[in-house]
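*Asks:* would you be able to build a 3D model of this:
(one chain, ligands or ions: 1)
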Amino acid sequence: MHTPDSATATHCPYCALQCGMNLRPEPGGASVVVEERADFPVNRGALCGKGRTAPAVLSSRVRLTGPLVRTHATGRLEPATWEEALDAVAEGLARTGRAHGPDAVGVFGGGGLTNEKAYALGKFARVALRTSQIDYNGRFCMSSAAAAHQRAFGLDRGLPFPLEDIPRTGCVVLVGSNPAETMPPALRYLTELKANGGTLIVVDPRRTRTAEQADLHLAPRPGTDLALALGLLHLVVAEGRTDEEFIAGRTTGWAQARAAAMAHWPELVERITGVPVPRLREAVALFCAPSSAMVLTARGPEQQSKGTDTVGAWINLCLATGRAGRPLSGYGCLTGQGNGQGGREHGQKADQLPGYRKLADPAARAHVAGVWGVDPASLPAPGRSAYELLDALGTEVKALLLMGSNPVVSAPRAAHVEDRIRSVDFLAVADVVLSETAALADVVLPVAQWAEETGTTTNLEGRVLLRRRALTPPPGVRTDLEVLHGLAGRLGIEKGFPTDPEEVFEELRRASAGGPADYSGISYARIEAEQGVFWPCPDGSHAGTPRLFLDRFATDDGRARFAPVSHRDAAEVPDAEYPVLLTTGRVVSQYQSGAQTRRVDELNAAAPGPFVEIHPRLAARIGAVEGAPLAVVSRRGRAVAPARITDSIRADTVFMPFHWPGEGRANTLTNPALDPVSRMPEFKVCAVRVEPA
Ligand code: SF4
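*Replies:* Prediction:
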């Protein structure tokens, strides 16, 4: 295996912080080691354990190094040549399309794919397969924040300001976010905030390691963050803390939003959320005292059947107090997946075209069709969202191409999703290891990993970054772009699917030109010279846009829009049969479905398996014993994992991390109730029964 002589500057393959790192070839050139990259401003050399150990997956003994095809003779996945495997995939997809129409073929992507891959996958679905049925697991990540962003500001970018602004603001409200576990290097920004005299409020049903650092921790009942935000806004109005000049000059819709908030008086909010009124008043005082403040949300408020409205309520709080569209103030979303941001900008989402254009917009269709050299009328309409697509497998969607995702572990109501996946006529999976989903496939395509291919990602700040290839992939492995090129050719599309990432990026630039996420002024050379470039960047002389909305919002009239939102219950509330709330999340040493991190010994030693976090009072009531197996049962199934008794969680709630398959699979339990706007499933709250197993 060839490696270059010197270290290659690149970025971590995991979360949306996209920490910079150097990869230096090991003696003999068989692998690389991670070295500090102190010049990259986002993490300034710091890495969490996942980033430090990422090269272990490159040389893992369970890594796929050749294609696998399921044979009729044995019913098992057997080694095959690339020609045989690609022929089988092309034939499986084409056969289904011929028999049942193009929309019987589905495509499911991932928030870890580079911009180039996400772009090529969206184009492949719409041009080569002519199917509308494409979505990706990023839908499960931040789609509610994206929808709320669009509604309020006319544009969705995770953070409208760089991370470096956080230590210089006066107060940060962190809602449903636990960077101590999810992105530890980002904690430094909060530490510096406090060192500079700023205050930190954490909203989380658990007293997490992040919450322990807060000046004020509010622990609402899961699924009630919307009421909490409305209660805070009520107090802001009642205490005369609104910014009337900002509201009059830069917003619309205040009267309706104000009326909705006034219906949520503090005592009512205390009853709904469990947060005492004095704590609500304290939060308002901390948030309103300084001249600048931020609200940052993550999956807590977003992964709910009312996630869009919940985020909207927190945005309302920012707008009413003049904490948006001004320096060091604003609302932002801490995106989770490595390329969750870029993945949703370039066309693998059911309703979008590259450049964050809307598939339903005739002008957007004409522009992108022009770049692709096809008739705009040939582009399909928007398709199903991620869960709806998975739910339609085996009935309306009969074949699936899946790239960079493991929904058997990561989708809600996972046992049902696994059944649906098992029921398709044909399944092809491109992955680096035999994930739980790949193990069900008819064809498995082994693909290159992050260090073995070049491509761009867009981090949670909207900063477009370049990962450079540091290693040659093993001989039996191809890149995702090579896979799409090979499949497109077999489907009769000889041109338009290049294998060179930079060539794909150049086309992506043209496709995004003039769109909301305009990359046309960004090049590989600029990214390397400038430590990333913030979109929108409409031409080569444009400096990029680290800070959005300072002059105007991206709506037609330039004003931010209040959302007239009211509290409503989660899709499931506790009852006699299911009296406890379940919430799910991550631990620091595993990542998402664990497909990669469960293959790293050091990470497994730190986080070997699932657990159920339970309060001592609830544990005593049901007879739970520390370390003994506990069954958690919802309307969708049953999971079993050891009890972890702790007073850091509410007594009416249990918590499970979702990284593992098998009997401890948390997503066996979760509720696929969807947000009506974002189509986000309600991962964060459902009703369960808990009992010793
Ligand atoms: Fe990688 Fe995220 Fe850890 Fe940084 S914080 S090293 S990007 S997983």
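*Asks:* what about the helix or strand of the chain with the lowest mean pLDDT, near the ligand?
*Replies:* When the helices and strands of the chain are scored by mean pLDDT, DSSP states H and E, helix 340-343 comes last with a mean of 88. No: for a cut-off given as Cβ under 6 Å from any ligand atom, helix 340-343 has no contacts with the ligand; the smallest distance is 11.7 Å. All C-beta spots, glycine's among them, are computed from the backbone N, C-alpha and C.
*Asks:* can you name the next helix or strand after that helix?
*Replies:* strand 352-353 (DSSP states H and E).
*Asks:* what does the following helix or strand past that following strand rub up against?
*Replies:* Toward the C-terminal end, the helix or strand that comes next after strand 352-353 (DSSP H and E) is strand 357-358. If you take Cβ atoms under 8 Å, 6 or more residues apart in numbering as the criterion, strand 357-358 is touched by 351-352, 364, 367-368, 515-516.
*Asks:* and strand 357-358, which strands flank it?
*Replies:* Strands that pair with strand 357-358, judged by DSSP bridges, come out as strand 352-353 (antiparallel).
*Asks:* what's the average pLDDT for stretch 357-375?
*Replies:* Stretch 357-375 comes out with an average pLDDT of 98.
*Asks:* how about it: buried residues?
*Replies:* Taking 16 or more other Cβ atoms under 10 Å as the neighbour-count basis, stretch 357-375 is seen to contain the buried residues 357-359, 364-365, 367-369, 371-372, 374.
*Asks:* state the pair within these that is farthest apart.
*Replies:* K358 and V374 (17.7 Å; Cβ to Cβ).
*Asks:* ok so, going back, mind putting the contacts of strand 357-358 into TSV with secondary structure and distance to C288?
*Replies:* What follows is the contacts of strand 357-358, written out as TSV (DSSP: H, G, I helix; E, B strand; the rest coil; distance: Cβ to Cβ, whole Å):
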residue	secondary structure	distance to C288
D351	coil	37
Q352	strand	37
A364	helix	41
H367	helix	44
V368	helix	45
G515	coil	37
P516	coil	32
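*Asks:* nearest to G394, of the residues you listed?
*Replies:* Nearest to G394 among the contacts of strand 357-358: D351, at 23.5 Å, using Cβ to Cβ.
*Asks:* report how many residues lie close to the closest one.
*Replies:* Other residues within reach of D351, judged by other Cβ atoms under 10 Å, total 15.
*Asks:* what do you get for G664?
*Replies:* Applying other Cβ under 10 Å, we find 21 residues neighbouring G664.
*Asks:* surely it is in contact with A641?
*Replies:* Yes: between G664 and A641 a contact is recorded at 4.1 Å, counting by Cβ atoms under 8 Å.
*Asks:* now for the two: what residues contact both?
*Replies:* Both G664 and A641 are in contact with 609-611, 656, where contact means Cβ under 8 Å, 6+ apart.
*Asks:* before we move on, back to that, now, the most widely separated pair of the contacts of strand 357-358?
*Replies:* Checked with Cβ to Cβ, the contacts of strand 357-358 reach their widest spread between D351 and H367, with 16.0 Å between them.
*Asks:* how does the protein divide up, domain by domain?
*Replies:* The record's domain split for the chain, according to automatic domain parsing, is 84-140+339-517, 143-337, 580-692.
*Asks:* ends of the second one, how far apart?
*Replies:* Read that as domain 143-337. Across its full length, domain 143-337 reaches 12 Å end to end, with Cα to Cα, to the nearest Å as the criterion.
*Asks:* over to the last one?
*Replies:* In terms of Cα to Cα, the two terminal residues of domain 580-692 are separated by 14 Å.
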